[in-house]
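Enquirer: A structural model of the following input is requested.
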Amino acid sequence: MSHELSLSNKSEEIKIGRRNFSWGSRTFVMGVINATPDSFSGDGLASSVDSMLSKARNFQDLGADIIDIGGESTRPPGLYAGSKPVSLNEELSRVIPAIGILAQDLDIPISVDTYKAEVASMALASGASMVNDIWALQRDPDMSSVVASAGVPVVLMHNQGGTNYKDVVTEIIESLFMLIEDAVGKGVERKNIIIDPGVGFGKTAEQNLEVIRRLQEFKKLNCPLLVGVSRKSTIGYVLDLPADQRVEGTAASVALSIAGGADIVRVHDVKEMIRVSKMSDAIVRGWRNS
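Expert: Numbers count the residues shown, from 1 in each chain. Here you go, the predicted model:
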């Protein structure tokens, strides 16, 4: 890397919605709700607002810290037949009514999983308080201004079209560094930036495993670290299991991600992964019997 990684220190506490998040105190669990009929994980709820509300309430009762709702499947087209982009109007119809209802009902914050500026803008206006962008504000030229104007936390995820790397982790860190600087240059507050190395996006199974193995290296970016390994195809390759049978593989991946410094884990199996997170935190961060 030709430049020195010298970003300001990670903010110790940030407010998302009505909740305070103290990074480093424990691992926070983000529960996934897919408002899609074609989620790779097999848990899509299409456009049933009642089903999404029921699931979100359950996640909150179980102890989830954030709900992440998305209206477009991010499954890789090369791995799953029928995967295709969703129109703006279709995505809006899937997520905006649900976010409006969930925001009135839940105490925990809602994140919108989208790379479209108009979806993000309407979601924030409807009650979402965080944006999770798998293209790190690069796909839609208006996304940076939406996030900057709203002053909300944003997840910048590493993503690329191919899998050619000389050193996968070093190159992802370099890319994320530039994405952070670009976002800040466009008005996004540095304290609002959360990074995601993008497990399962533009990486082979072997590369995904290396990213998890070397997660600690991402801490040099001094940003909170979100990791999404839940039910990913890499787990399926290793264990030769379909998405709905990858809970144990997810548990191992989540535990090692926490050991590697993850601040947020994005998961489908909330009950199980909250238990995994608590046990992992007890080992990694220390625990006393109260």
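Enquirer: tell me the secondary structure for Trp287?
Expert: coil (DSSP: H, G, I helix; E, B strand; the rest coil).
Enquirer: tell me the pLDDT at it?
Expert: Confidence at Trp287, expressed as pLDDT, is 90.
Enquirer: next up, the contacts around it.
Expert: By C-beta atoms under 8 Å, 6 or more residues apart in numbering, the residues touching Trp287 are Asp281. Backbone N, C-alpha and C define where each C-beta goes, glycine included.
Enquirer: distance check, it against Glu13.
Expert: Trp287 sits 21 Å away from Glu13, going by C-beta to C-beta, to the nearest Å.
Enquirer: mean confidence (pLDDT) on stretch 157-176, please.
Expert: Per-residue scores along stretch 157-176 average to 97.
Enquirer: and if you look at stretch 211-226?
Expert: Mean pLDDT, computed over stretch 211-226, is 98.
Enquirer: next: stretch 86-94.
Expert: The average pLDDT for stretch 86-94 rounds to 94.
Enquirer: and the helices in this structure?
Expert: Ranges of helices within the chain are 49-62, 88-105, 117-126, 143-150, 168-185, 205-213, 233-239, 247-259, 270-284, based on DSSP state H.
Enquirer: could I get the ones you listed as a markdown table with mean neighbour count and distance to Phe28?
Expert: As requested, the helices of the chain are exported to a markdown table (neighbours: other C-beta atoms under 10 Å; distance: least, C-beta to C-beta, whole Å):
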| stretch | mean neighbour count | distance to Phe28 |
| --- | --- | --- |
| helix 49-62 | 17 | 13 |
| helix 88-105 | 19 | 18 |
| helix 117-126 | 22 | 20 |
| helix 143-150 | 20 | 20 |
| helix 168-185 | 18 | 20 |
| helix 205-213 | 18 | 18 |
| helix 233-239 | 18 | 21 |
| helix 247-259 | 21 | 11 |
| helix 270-284 | 18 | 8 |
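Enquirer: show me the contacts for Ile14.
Expert: Contacts of Ile14 by C-beta under 8 Å, 6+ apart are 20-21, 23, 153, 191-192, 224.
Enquirer: just the buried members of those residues?
Expert: In terms of neighbour count (16 or more other C-beta atoms under 10 Å), the buried residues within the contacts of Ile14 are 21, 23, 153, 192, 224.
Enquirer: right, and Cys223 touches Leu179 too?
Expert: No. The criterion here is C-beta atoms under 8 Å, and Cys223 misses it with Leu179 at 10.3 Å.
Enquirer: circling back: among the buried ones among the contacts of Ile14, which one lies nearest to Ala252?
Expert: For those, the minimum distance to Ala252 (C-beta to C-beta) is 22.5 Å, reached by Pro224.
Enquirer: got phi/psi on that closest one?
Expert: The phi and psi values for Pro224, taken as degrees, to the nearest 10, are phi -60, psi 140.
Enquirer: that one touches Ile195, doesn't it?
Expert: Yes. Pro224 is within contact range of Ile195, at 7.3 Å (criterion: C-beta under 8 Å).
Enquirer: just give me the neighbour total for the closest residue in space to Ser277 that isn't next to it in sequence.
Expert: Spatial nearest neighbour of Ser277, chain neighbours left out: Thr27 (4.6 Å); criterion: C-beta to C-beta, 6 or more residues apart in numbering. Using other C-beta atoms under 10 Å, Thr27 is surrounded by 25 other residues.
Enquirer: which residues touch Thr27?
Expert: Residues counted as contacts of Thr27 (C-beta under 8 Å, 6+ apart) are 258, 262-265, 277, 280-281.
Enquirer: got it, and Gly187?
Expert: Contacts of Gly187 by C-beta under 8 Å, 6+ apart are 144-145, 148-149.
Enquirer: which one of those residues is nearest Met52?
Expert: Ser149 (26.9 Å).
Enquirer: contact partners for that closest one?
Expert: Here Ser149 is in contact with Gly187 (C-beta under 8 Å, 6+ apart).
Enquirer: likewise Gly100?
Expert: Counting by C-beta under 8 Å, 6+ apart, the residues that Gly100 touches are 126-127.
Enquirer: could you do the one 5 residues further on as well?
Expert: Neighbouring residues of Asp105 by C-beta under 8 Å, 6+ apart: 53, 56-57.
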